[in-house]
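Undergrad: Sequence plus the predicted model coming up.
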Amino acid sequence: MTSPVPSAHLDTPITIEIMNGPEDGRVVVCDKTQISIGRATDNTIHLPYDHLISRRHAKIVAFGDSLTLSDLHSTNGTFVGRERVHEGTVLPPNTLFRVGATLLMAKRPAAEASRRKGARPRGR
């Protein structure tokens, strides 16, 4: 008997916003469980202008309400703050991360809204 294969599509899409450079403000909405980032044209997030980015630089994987960020053995690294990311680093909502010289932010708007809706008020 084989294990079930997880869905390749999400109920709550991931929003990636480019925060600097020539595509500053560009928003990509993706409903796939894996998002690839790099200079190659077949990446989900294609960033051809930043020559510090590898062809296959990094990936984001959604699992439940969580996102993880992994570097794909790029030359110049992937960073959250000043920390270099390697494999499967949890990416908190609304956290800036950097590939090459490009800053990006990943969000799960629907997941964040449902968490806020289910949160109980403090002090009661």
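TA: Arrived safely. Numbers count the residues shown, from 1 in each chain.

Undergrad: okay, now Phe63: neighbour count?
TA: 11 (other Cβ atoms under 10 Å). For glycine as for every other residue, the C-beta is placed from the backbone atoms N, C-alpha and C.

Undergrad: how close does it sit to Ile14?
TA: From Phe63 across to Ile14, the span is 12 Å (Cβ to Cβ, to the nearest Å).

Undergrad: which of the residues in the lengthiest strand in the chain are buried?
TA: When the chain is parsed with DSSP state E, its longest strand is strand 9-18. By neighbour count with 16 or more other Cβ atoms under 10 Å, strand 9-18 contains the buried residues Leu10, Pro13, Ile14, Ile16, Glu17, Ile18.

Undergrad: what bits of the protein have low per-residue confidence?
TA: For the chain, the stretches with pLDDT under 70 are 1-10, 110-124.

Undergrad: all helices of it, in order?
TA: Applying DSSP state H to the chain gives helices spanning 109-118.

Undergrad: Now do the strands in it.
TA: With DSSP E as the criterion, the chain has strands at 9-18, 27-32, 34-38, 45-46, 58-63, 66-71, 78-80, 83-85, 89-90, 96-99, 102-107.

Undergrad: Could you export these to CSV, including columns for distance to Leu52?
TA: Output for the strands of the chain, formatted as CSV (distance: least, Cβ to Cβ, whole Å):
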stretch, distance to Leu52
strand 9-18, 14
strand 27-32, 20
strand 34-38, 11
strand 45-46, 15
strand 58-63, 12
strand 66-71, 13
strand 78-80, 11
strand 83-85, 14
strand 89-90, 19
strand 96-99, 8
strand 102-107, 8
